[in-house]
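Q: Dropping a prediction and its sequence here:
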Amino acid sequence: MSISFNQISLGKVLAVLKGACILPIKANSVGFLGRISGKLRVSNKGKIVIGGNVSFHAKPFPSSITVSKEAKLWVGDHVFFNYGLDIGCTKSIRIGSYTIIGPMVNMMDTNFHPVDVNDLSYSKEIVISDNVWIGRGVLILPGVTIGQNSVIAAGSVVTRDIPDNVLAGGTPAKVIREIQVPQNWIRRHN
């Protein structure tokens, strides 16, 4: 795939330069062509691995990623994060390749505080498989796996696993219908 000179904007060039400067400092491993536009705050006391061609579009609202001590955040290749992202990782979060994360999405692998004396609030890993689309304002809670090619509707709260190849939505999110995804079909190239 070739890109003509007319398709390259100054904004894209600056985003690549910003990504090349900031991501290697904040993450333990970064692939090629990472991009940051806007304000991305990263606090890494654990391990962050970012694949190639990952884009953080953190404007008009800033985005935040916090990885606690001994926690691990893995991001696959060709992933797009929209503005207002908030990731709180205390154990493990995996985001598959070709995934699209919409605006104002929040994912956290712990509840951080117990609800009552019997609540054993502890971290549970989150897995978002390849080629997933997470809609605007989705909240992804601890212990959730979202299957390959699935779409999570805007405003949903994901409290339990979502299978492959489905549209899910609601509070709590549940399967609305199956979707047709041909083998090796990519929703969007970043």
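A: Structure's in. What do you need?
Q: So in that sheet, which strands flank the longest strand anywhere in the chain, and in what orientation?
A: In the chain, taking DSSP state E as the definition, the longest strand is strand 55-67. For strand 55-67, the paired strands and their directions (DSSP bridges) are strand 35-44 (parallel), strand 80-81 (parallel), strand 86-89 (parallel).
Q: next one: it to chain centre, how far?
A: With C-alpha atoms, centre = their mean, to the nearest Å as the basis, strand 55-67 stands 10 Å off its chain's centre.
Q: Provide the secondary structure category for residue 18.
A: Following DSSP: H, G, I helix; E, B strand; the rest coil, residue 18 is assigned to helix.
Q: Kindly provide the distance from the closest residue in space to it that isn't next to it in sequence to residue 13.
A: Distances taken as C-beta to C-beta, 6 or more residues apart in numbering place residue 36 nearest to residue 18, at 4.5 Å, with adjacent residues excluded. Any C-beta I mention is one placed from the backbone N, CA and C, and that applies to glycine too. Separation of residue 36 from residue 13 (C-beta to C-beta, to the nearest Å): 12 Å.
Q: For the two, work out which one has more neighbours and name it.
A: Higher neighbour count among residue 36 and residue 13: residue 36, with 26 against 11, using other C-beta atoms under 10 Å.
Q: Hmm, that one is touching residue 58, no?
A: Yes. In this structure, residue 36 is within contact of residue 58 by C-beta atoms under 8 Å, at 6.7 Å.
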